[in-house]
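*Asks:* make a model of this:
(2 chains)
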Amino acid sequence: MNLPAPPLVRLEEISKSFGRVRANSDITLDIRAGKIKALLGENGAGKSTLMSILAGRLQPDAGKILVEGEATRFPSAREAIQAGIGMVYQHFMLVDAMTVTENVFLGQEGGFWLRPRKMARRVSELARRYGLDIDPFARVSELSMGEKQRVEILKLLLRQSRVLIFDEPTAVLTLTETEQLFEAMKQMAGQGKAIVFISHKLPEVMSVADDIAILRNGAVVDTLEAGAVTSRADLARRMVGREVVLQVDKGTSEIGPHVLTVRGLETGALQGIDLEVRQGEILGVVGVAGNGQKPLVQTICGLTPPGRGEVEILNRPWKDFFARYPSDDTLSYIPEERISLATCPGLNLVDNFLLTTRSDFSRGPWLMGKRARGRARELIRDFNVQPSNVDALARHLSGGNLQKMVLGREFFRNPKLIVAEQPTQGLDIAATEEVWRHLLEARKRAGILLVTGDLAEALALSDRIAVMFGGRIMDVFPASDTRKVDRIGLMMAGITA
Amino acid sequence: MGKIRVMKRQEPLGWRSCLVVLGAAGVSLVLSGILLGLQDRPPLTAMVILFQGAFGSAWAIEDCLIKAVPIYLCSLGVAVAFRLQIWNIGAEGQFALGAVGATAAALYFPDLSWFLLLPGMALAAFLAGGFWGLIPALLKIHMRANEIIVTLMMNYIAILFLDYLVYGVWKDPASFGFPMTPTFSESAIVGRIGDTNLNWGLALCAVCGLLVWVFFRYTLLGYELKASGENVRAARYARLPYERLVILVMVLSGALAGWAGFIEASATLNRLQPSIMVGYGYTAIVVAWLARLNPLYIGLASFLLAGLRVGVENLQLELQVPAAFGQIMEGLILLTVLAGGFFTEYRLRLRPRP
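*Replies:* Numbers count the residues shown, from 1 in each chain, chains lettered A, B, ... in the order given. Here you go, the predicted structure:
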């Protein structure tokens, strides 16, 4: 490929690990002035890590950042901003009680005396130039989310940023605001700024990006020009991937009675869901993140009540089931947030083991600590958790080991319905394989609802597959139906025909 | 040119964390010395006088122990709530209500024999203090009211209520207009241990401390409290009864502070009067932090901070240091210990510039 001009910023072979998890491995990426670059990838693909490195918030383990061809280091965000690289975060960093102008100039007042009129004029000019409609005298607390975002952008523009990074900027915006933002992004690019747009929403990426880089499991798997994208389905397939990393022997298991029945479930984000899971099968729910998987899981697992429709768990209505939630022969939830939801990071493994199994280890008011300790020790051995010391604090375990601990704990309760949410996200291959084996083993006794963004995982484990889009189930079919499996990408993009 | 870097500790500090507490206490003593120096008092002599006054004689140590009793009970209660990360700043008010409850029992049933009256007073103090803790718990659960603010404000209400009683309906007609209740009857006074000045409140402390320790270590509820305090989201995930736990800890917390009020009114003052409020409920917060919520260490820290109070009295006499100096020192200790908490999580490293 012949390059017309050197890129404004070049990331060269950037790698970054957190413990044993490789968030970025050997990523090379060019960011050009006047172009909008989309970073597309599932949650946990490494997009935000990469951009935090560029914005100076994280330090890479290896690799170089070249600004206009020159190797640069950003020990903190300040140096990155000085080099003209700024980030618009998902959570705004504004002072609510101050006006738009005051916020924009905060830290850039330039001298002891303030000149409010001149400052306001400066903000208006900037806003007009880039199509960011805003009242410079409005108080930030009175602004909508979209307007607050504009203030953040103006802050960066005032600091002469040449690269503007947007981290999932549309998550908080209304449809109109999103369109306005895209218009502003195009204007900024038109006036020579480089824009990086982090997203996992396919239509948005297609409508605004000039170049697209697709990240999966911490690596760039594809870079292409927006013009080369043939369809949303094509993009979806590239993003989720199809290659099977691991081959597992699924075997067969006997199909038993229904353990989960969902009929016409409607909440804010769900638009009529029908599902059933039977003992002895794994139902894989796939889809691009944010299409209703999270609300579905939270409703089934009793964290949010169902709006309209019926949810029946182990042949009992939702309300009845969670009113007298049994500890054994029950529903087990293996959440995506291992550290903040499934465990107490500051407690040791015995205490974490007791979190959901405590009623098995109590007699009257007393807790049978010794017995729990013994069982926890066995479980840690059986599930190959490292370090194999029950006194270790949960926060000192790697993601994979923590996940095995959670699996061991939940399987100990002999669940009849298991809801596993992104069970191998961020795990290395060895840990992934172990988790898969445990899930397949558990399938003999339970029905499993596997919610995953990793199509390879869904195909490797599931007996049946359900595709979610826009709060609906597009289709449910056996994993052996190759014709339909080939159409998963289309369905994930909302195309039925 | 070197540069100091802040690094997060990978390993827990373990026993060395007590060095951090000792270091913090040392820093606060140095700062107090500087303050004394600024007032033209000899800092070293003052410290000697302070320590001699607190621990220099059998009489002083007895006085420390007597003052440590209410501090210990309040602090134990505060620590129970803190375990769940419920910030009960209201021990002072719960203490006041406990004293009022016990006094009510003592005034209305003066003729009962002691083995009925004392348990009755304890029960009344428990209920009154617990009730004062229950209100912020209910407000927190049902109206999402911040417990720090509610408990703090309720302290003022409680103290004014106590004042209202002793200036009004309960005032002793024979007190020459002083705001105080009549002296309790003999059977309403918690007795002394042997020939010492110490009262049986000390035994109550030991029993309560042991029970709290057993509660957290060996019971299901204690475990549930510990886990919920560690991670509220995990508590919801694991279906721990968080709301019920909030009510439980606030009632227990209030009740323990209430017992402190009962002991103080009955054993120390033998009546209720406004001077019963000397800030034990606030000292209790310092103690709970110093002792990292451990019942045994709370005992130790209560004794030390009681010693500070006794020592400062001595300092007042010898060097004419203002009475508020004790509170200043207490505040300094809390600040340095809290600031020292930084070093249990992080360490500093000197690094040459690249």
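
*Asks:* go ahead and confirm residue A:191 touches residue A:129.
*Replies:* Yes. If you go by CB atoms under 8 Å, residue A:191 and residue A:129 touch, sitting 7.4 Å apart. Heads up, the C-betas are built off the backbone N, CA and C, glycines and all.

*Asks:* list the buried residues of the lowest-mean-pLDDT helix or strand in chain A.
*Replies:* Within chain A, confidence by mean pLDDT, DSSP states H and E is lowest for helix A:232-240 among all helices and strands, at a mean of 76. Across helix A:232-240, burial judged by 16 or more other CB atoms under 10 Å in any protein chain shown covers A:232, A:233, A:234, A:235, A:236, A:237, A:238, A:239, A:240.

*Asks:* what of stretch A:131-151?
*Replies:* So for stretch A:131-151, counting by 16+ other CB under 10 Å, buried means A:131-132, A:134-136, A:140, A:143, A:146-151.

*Asks:* kindly report the same for stretch B:36-50.
*Replies:* Across stretch B:36-50, burial judged by 16+ other CB under 10 Å covers B:36, B:41, B:43, B:46, B:47, B:49, B:50.

*Asks:* per-residue confidence at the residue in the stretch 101-250 of chain A that chain B sits nearest to?
*Replies:* Closest approach between the stretch 101-250 of chain A and chain B, counting by CB to the nearest CB: residue A:141, at 20.1 Å. Residue A:141 carries a pLDDT value of 86.

*Asks:* one step back: save the buried residues of stretch A:131-151 as CSV, and put in secondary structure too.
*Replies:* Converted to CSV, these look like this (DSSP: H, G, I helix; E, B strand; the rest coil):
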residue, secondary structure
A:131, coil
A:132, coil
A:134, coil
A:135, coil
A:136, coil
A:140, helix
A:143, coil
A:146, helix
A:147, helix
A:148, helix
A:149, helix
A:150, helix
A:151, helix
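
*Asks:* so residue A:314 touches residue A:418, yeah?
*Replies:* No. When contacts are counted by CB under 8 Å, residue A:314 is not listed as touching residue A:418 (11.9 Å).

*Asks:* what do those two both touch?
*Replies:* Here residue A:314 and residue A:418 have residue A:331 as joint contacts, going by CB atoms under 8 Å, 6 or more residues apart in numbering or on different chains.

*Asks:* looking at these two, which one has more neighbours?
*Replies:* Shown here are residue A:314 and residue A:418; by other CB atoms under 10 Å in any protein chain shown, residue A:418 has more neighbours (27 against 19).

*Asks:* alpha carbons only: can I get the least confident helix or strand of chain A in PDB?
*Replies:* Extracted in PDB, the C-alpha atoms of helix A:232-240 (Å, rounded to 0.1, in the frame of the first residue of the first chain):
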ATOM      1  CA  ARG A 232     -23.700  -4.700   7.900                       C
ATOM      2  CA  ALA A 233     -23.700  -8.500   8.000                       C
ATOM      3  CA  ASP A 234     -20.200  -8.500   6.500                       C
ATOM      4  CA  LEU A 235     -19.000  -6.100   9.200                       C
ATOM      5  CA  ALA A 236     -20.700  -8.100  12.000                       C
ATOM      6  CA  ARG A 237     -19.100 -11.300  10.800                       C
ATOM      7  CA  ARG A 238     -15.700  -9.600  10.800                       C
ATOM      8  CA  MET A 239     -16.200  -8.200  14.200                       C
ATOM      9  CA  VAL A 240     -17.400 -11.400  16.000                       C
END
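
*Asks:* next one: it to chain centre, how far?
*Replies:* Averaged C-alpha coordinates place helix A:232-240 at 17 Å from its chain's average position (CA atoms, centre = their mean, to the nearest Å).

*Asks:* elements contacting it?
*Replies:* helix A:202-208, strand A:211-216, helix A:488-492 (3 or more CB pairs under 8 Å, 6 or more residues apart in numbering or on different chains; DSSP states H and E).

*Asks:* and the second one with helix A:232-240, angle?
*Replies:* For strand A:211-216 against helix A:232-240, the angle by axes from the mean of the first three to the mean of the last three CA atoms, to 10 degrees is 50 degrees.

*Asks:* tell me how far strand A:211-216 lies from the chain's centre.
*Replies:* 15 Å.

*Asks:* could you do the shortest one as well?
*Replies:* Its chain's C-alpha centre and that of helix A:488-492 lie 19 Å apart, by CA atoms, centre = their mean.

*Asks:* ok, now the longest one?
*Replies:* Relative to the centre of its chain, helix A:202-208 is centred 18 Å away, using CA atoms, centre = their mean.

*Asks:* please save the CA atoms from it in CSV.
*Replies:* What follows is helix A:202-208, C-alpha atoms only, in CSV (Å, rounded to 0.1, in the frame of the first residue of the first chain):
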residue,chain,number,x,y,z
LEU,A,202,-22.4,-1.3,13.3
PRO,A,203,-24.8,1.2,11.7
GLU,A,204,-23.1,4.2,13.3
VAL,A,205,-19.7,3.0,12.3
MET,A,206,-20.9,2.6,8.7
SER,A,207,-22.5,6.0,8.5
VAL,A,208,-19.6,8.1,9.9
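
*Asks:* any low-confidence regions in the stretch 351-497 of chain A?
*Replies:* By pLDDT under 70, the low-scoring segments of the stretch 351-497 of chain A are A:426, A:428-429, A:497.

*Asks:* could you tell me which residues of it lie near chain B?
*Replies:* Within the stretch 351-497 of chain A, the residues that sit near chain B (CB under 8 Å from any CB of the partner chain) are A:351, A:354-356, A:358-359, A:362, A:365-367, A:369, A:393, A:396.

*Asks:* coming back round to it: pull the most distant pair out of the buried residues of stretch A:131-151.
*Replies:* Pairwise distances across the buried residues of stretch A:131-151 peak at 20.1 Å for A:131 and A:140 (criterion: CB to CB).

*Asks:* can you name the element that comes right after the longest helix seen in chain A?
*Replies:* Ranked by residue count, the top helix of chain A under DSSP state H comes out as helix A:175-190. Following helix A:175-190 in sequence order, the next helix or strand is strand A:194-199 (DSSP states H and E).

*Asks:* give me the angle between that following strand and helix A:175-190.
*Replies:* Going by the same axes, to 10 degrees, strand A:194-199 makes 150 degrees with helix A:175-190.

*Asks:* partner strands of strand A:194-199, parallel or antiparallel?
*Replies:* Using DSSP bridges, the strands paired with strand A:194-199 are strand A:36-40 (parallel), strand A:163-167 (parallel).

*Asks:* tell me the angle the helix or strand following the first one makes with strand A:211-216.
*Replies:* It refers to strand A:36-40. Moving toward the C-terminus from strand A:36-40, the next helix or strand (DSSP H and E) is helix A:47-54. Angle between the axes of helix A:47-54 and strand A:211-216 is 110 degrees (criterion: the same axes, to 10 degrees).

*Asks:* need the CA coordinates for helix A:47-54. PDB is fine.
*Replies:* Coordinates of each C-alpha in helix A:47-54 appear next as PDB, following Å, rounded to 0.1, in the frame of the first residue of the first chain:
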ATOM      1  CA  LYS A  47     -10.500  -0.700  22.300                       C
ATOM      2  CA  SER A  48     -10.600   1.400  25.400                       C
ATOM      3  CA  THR A  49      -7.200   0.100  26.600                       C
ATOM      4  CA  LEU A  50      -5.600   1.100  23.300                       C
ATOM      5  CA  MET A  51      -7.000   4.600  23.400                       C
ATOM      6  CA  SER A  52      -6.200   5.100  27.100                       C
ATOM      7  CA  ILE A  53      -2.600   4.300  26.100                       C
ATOM      8  CA  LEU A  54      -2.700   6.900  23.300                       C
END
